[in-house]
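Chemist: Next comes the sequence, and after it the predicted model I'd like to discuss.
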Amino acid sequence: MAAISPWLALIAMIIVFTALNGRFLTIGNAINILQQAAVLIVLSVGGTFIILMGSIDLAVGSMVSLAGMSAAMLIRDHGEWAVILVPFITMLVSAIAGVLFAYARLPSFLTTLGMLYAINGMTLYVTQGAAINLPTDLVIGSIFNGSLLGVPTVALWAIGIALAATFVARRTRFGRFIYAIGGGETVAKLCGVPVARYKLYAFLVSGFLSGVAGIFLMLRIGGSDPTMGDPMLLPAIAAVVMGGTPLTGGVGGPHRTILGVLIITILQNGMNLANVNPFLQNVVLGAGVIAAVAVNMDRKRLLSVK
């Protein structure tokens, strides 16, 4: 039932929003949905590996802000191709959380919550709270903001990254070990899985893809803002859960996260077309997250609910 529920929700939303507004089920709106979903796909796919372990990363939104700020400053001071350094910067910062979680054995919730505040403070301090605007004639901007056969290029990049992440999760040792850790850390250790090392690897992957997502967002809005990634934290986690990867870990994966991103993006797009009050939209999204957690959580694996 848990595997079918996201598909049923997606089909139901398409039917309802098509009935409410004839513009919803059009090619132009489908392209718009793909463009809106691209950044969230990349960010959520990275966070999926951490949730698959039964852990969580609350710093992904702040990492997007850090990536956007770093990318804008590198382009301004060293040329646009210096932007390729950004994912490695965010990966290095994410490594700090990974080491504290995997080797110092601090809870992922508290570790990444602390990183959230630290990264937010750093981006605000470095920029003094000011936005950084980009030139309009960037070559890299045309690469990621263009289109191919009518499909936004950034959406094609996001889909490619999601497919690569799905392959890694399902067909590589890294993916199998991450599933094993989420299925039962003690059993994974007894089977010879180097648990601490692969916990760190999961954070490195999440940090790298957060940097890529930050570049995509920066290019889409034409600059950076020190808090531009903050609104993406909850949707990034919600997309993973609503797609079918429970917070208890062990099942699901990036292929499910793609579905979760589509649910959230279509829900937001459909409510906008239906002129739903923006404040009520958050109520609907919150209710959807609660419903997804209720459906996907495996209560048999929990000795108690805390």
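Modeler: Alright, I've got the coordinates.
Chemist: who's in contact with the most centrally placed residue in the chain?
Modeler: Centroid-nearest residue in the chain: S44, 2.0 Å away (criterion: C-alpha atoms, centre = their mean). When contacts are counted by C-beta atoms under 8 Å, 6 or more residues apart in numbering, S44 touches P235, A236, I237, A239, V240, T257, G260, V261. Every C-beta, even on glycine, is put in place using the N, C-alpha and C of the backbone.
Chemist: can you give me the offset of the helix or strand where it lies from its chain's centre?
Modeler: When elements are assigned from DSSP states H and E, S44 belongs to helix 27-52. Centroid separation for helix 27-52 versus its chain: 7 Å, with C-alpha atoms, centre = their mean, to the nearest Å.
Chemist: for the residue lying farthest from the centre of the chain, phi and psi?
Modeler: In the chain, the residue that sits farthest from the middle, by C-alpha atoms, centre = their mean, is L190; the gap is 31.4 Å. Taking degrees, to the nearest 10, you get phi -70, psi -30 for the backbone angles of L190.
Chemist: Model confidence at it, what's the number?
Modeler: L190 is assigned 88 on the pLDDT scale.
Chemist: so after whatever helix or strand P235 lives in, what's the next helix or strand?
Modeler: Under the criterion of DSSP H and E, P235 resides in helix 233-243. Where DSSP H and E defines the elements, the next helix or strand beyond helix 233-243 is helix 254-273.
Chemist: quick one: that next one to chain centroid distance?
Modeler: On C-alpha atoms, centre = their mean, the centre of helix 254-273 falls 12 Å from the chain's centre.
Chemist: Remind me what that helix packs against, helices and strands.
Modeler: Helix 254-273 sits against helix 5-20, helix 27-52, helix 153-171, helix 233-243, helix 278-296, with contacts defined as 3 or more C-beta pairs under 8 Å, 6 or more residues apart in numbering; DSSP states H and E.
Chemist: would TSV of these with distance to P226 be doable?
Modeler: Below are the helices and strands packed on helix 254-273 laid out as TSV (distance: least, C-beta to C-beta, whole Å):
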stretch	distance to P226
helix 5-20	34
helix 27-52	17
helix 153-171	22
helix 233-243	15
helix 278-296	23
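Chemist: For L134, find the nearest of the ones you listed.
Modeler: helix 153-171 (15.2 Å; C-beta to C-beta).
Chemist: which of the residues in that closest one are buried?
Modeler: Residues of helix 153-171 classed as buried: 153-159, 161-162, 165-166, 168-169 (neighbour count, 16 or more other C-beta atoms under 10 Å).
Chemist: related to what we said a few turns ago, quick one: the residue farthest from the centre of the chain from G175, how far?
Modeler: Here L190 is placed at a distance of 20 Å from G175 (C-beta to C-beta, to the nearest Å).
Chemist: Tell me where the model's unsure across the chain.
Modeler: Counting by pLDDT under 70, the ranges of the chain that qualify are 1-4, 295-306.
Chemist: what do you get if the cut-off is 80, keeping everything else the same?
Modeler: Within the chain, the set of residues satisfying pLDDT under 80 comprises 1-6, 135-139, 141-150, 288-306.
Chemist: sorry, back to before: ok, and what's touching the helix holding P235?
Modeler: Contacts of helix 233-243 (C-beta under 8 Å, 6+ apart): 6, 9, 40, 43-44, 47-48, 51, 56, 58, 60-62, 116, 247, 252, 256-261, 263-264, 285, 288-289, 292-293, 296.
Chemist: Please repeat the previous calculation with a cut-off of 7 Å.
Modeler: 6, 40, 43-44, 47-48, 51, 58, 60-61, 247, 252, 256-261, 263-264, 285, 288-289, 292-293, 296 (C-beta atoms under 7 Å, 6 or more residues apart in numbering).
Chemist: Stretch 81-97 now?
Modeler: Outside of stretch 81-97, the residues within contact range by C-beta under 7 Å, 6+ apart are 59, 63, 66-67, 70-71, 74-75, 111-112, 115, 119, 140, 200, 203-204, 206-208, 210-212, 214-215.
Chemist: who wins for neighbours among the contacts of S44?
Modeler: Ranked by neighbour count (other C-beta atoms under 10 Å), the contacts of S44 have T257 at the top, with 33 neighbours.
Chemist: ok, now how distant is that one from A238?
Modeler: Distance from T257 to A238, by C-beta to C-beta: 10 Å.
Chemist: Great, nothing more from me.
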